[in-house]
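>>> no sequence for this one, just the structure:
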């Protein structure tokens, strides 16, 4: 008997995938992309701006107050003196950097609708952000963006694995694909409904892997509103009901580490609430946290092991900007 390989399984799935549907997803994905040129001031002549050698892609994700909201690569745009968005070969418009986040590598750029001719506006597709938690290993997905060193490129493949990465004040789902990646690539992952489920991880070099969009939505919302990212300074692990029973822990967020000089209190505590709201996962904690403002005092409810049991405690902390 012939041994079944991963490639055989991949081909079998592709044979059952609707080619027309796949093409429709890819076509819509390309229409939601724009190119972003980054200009930086030449410090030898402050009146001269030079175009960066690095051009990146952006994804149109909404229209707010007569402006297009574009999601893009923070590493490329954050030190720019000016930005230009290329909607097409014929249309280039000035853009504004609304906000960026170093940890996730995402940035928000905006352009005014009035700068774009109506004919061009009608061809722009606004990408919809979906639920990345529904993605499963073996799903067929479409990648679009800067792939293989080329802008506005699409490819498709299979989800090869799903894992979790611990971050400051949050954790992130990592969706890996069978697609190759090279340094400088940056793109977006779409499901077969044509909706976005992931954004490129920073510095991906060998494979195209993305951060699940569901863990980024709160950050994207705050950046889109022009708010600077705030932080508390913890890394934590969710204590599920199963883990609580097995290890004798309270359900909540077990603090595994704290950032130096952060507002966080202590590692080893299990956080259960913020400002009177129950938060039993690090994702729920980050969602509440991102709604706070820099300098705001918050109340943290936690459990701390003392003697032979976990005891309730409450402490206050002042939120800071990253």
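Nice, I can see it. Predicted, not measured: the structure shown is a model, and the values here were computed from it.
>>> quick one: the helices in this protein?
6-15, 19-31, 74-77, 118-121, 217-224, 241-247, 282-289 (DSSP state H).
>>> ok, which of those helices comes nearest residue 63?
helix 118-121 (9.5 Å; C-beta to C-beta). Placement of C-beta: from N, CA and C, glycine included.
>>> who's in contact with the closest one?
When contacts are defined by C-beta atoms under 8 Å, 6 or more residues apart in numbering, helix 118-121 is touched by residues 87-88, 90-91, 113.
>>> please check these and keep the buried ones.
residue 87 (16 or more other C-beta atoms under 10 Å).
>>> let me have the contacts of helix 118-121 in JSON lines, extended by distance to residue 80 and pLDDT.
Below are the contacts of helix 118-121 laid out as JSON lines (distance: C-beta to C-beta, whole Å; pLDDT from 0 to 100):
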{"residue": "87", "distance to residue 80": "18", "pLDDT": "89"}
{"residue": "88", "distance to residue 80": "21", "pLDDT": "85"}
{"residue": "90", "distance to residue 80": "23", "pLDDT": "82"}
{"residue": "91", "distance to residue 80": "20", "pLDDT": "88"}
{"residue": "113", "distance to residue 80": "22", "pLDDT": "93"}
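>>> most widely separated two among the contacts of helix 118-121?
Longest span within these, C-beta to C-beta: 90 and 113, 16.8 Å.
>>> ok, back up a step: can you add distance to residue 30 and give the contacts of helix 118-121 back as a markdown table?
Output for the contacts of helix 118-121, formatted as a markdown table (distance: C-beta to C-beta, whole Å):
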| residue | distance to residue 30 |
| --- | --- |
| 87 | 13 |
| 88 | 12 |
| 90 | 17 |
| 91 | 16 |
| 113 | 20 |
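>>> strands of the stretch 1-150 of the chain, start to end?
In the stretch 1-150 of the chain, the strands defined using DSSP state E, counting those that start in this stretch lie at 33-41, 49-64, 67-73, 82-86, 92-101, 106-112, 140-147, 150-167.
>>> could I get those as TSV with mean pLDDT and distance to residue 263?
Converted to TSV, the strands of the stretch 1-150 of the chain look like this (pLDDT from 0 to 100; distance: least, C-beta to C-beta, whole Å):
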stretch	mean pLDDT	distance to residue 263
strand 33-41	84	33
strand 49-64	78	30
strand 67-73	96	28
strand 82-86	91	32
strand 92-101	93	18
strand 106-112	95	23
strand 140-147	95	35
strand 150-167	93	16
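>>> can you list those in a markdown table and add distance to residue 174 and mean neighbour count?
Below are the strands of the stretch 1-150 of the chain laid out as a markdown table (distance: least, C-beta to C-beta, whole Å; neighbours: other C-beta atoms under 10 Å):
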| stretch | distance to residue 174 | mean neighbour count |
| --- | --- | --- |
| strand 33-41 | 23 | 19 |
| strand 49-64 | 19 | 17 |
| strand 67-73 | 17 | 25 |
| strand 82-86 | 29 | 20 |
| strand 92-101 | 17 | 18 |
| strand 106-112 | 15 | 23 |
| strand 140-147 | 14 | 24 |
| strand 150-167 | 5 | 16 |
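>>> make a markdown table out of the ones you listed and add distance to residue 132.
Formatted as a markdown table, these follow (distance: least, C-beta to C-beta, whole Å):
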| stretch | distance to residue 132 |
| --- | --- |
| strand 33-41 | 19 |
| strand 49-64 | 14 |
| strand 67-73 | 14 |
| strand 82-86 | 26 |
| strand 92-101 | 17 |
| strand 106-112 | 14 |
| strand 140-147 | 11 |
| strand 150-167 | 9 |
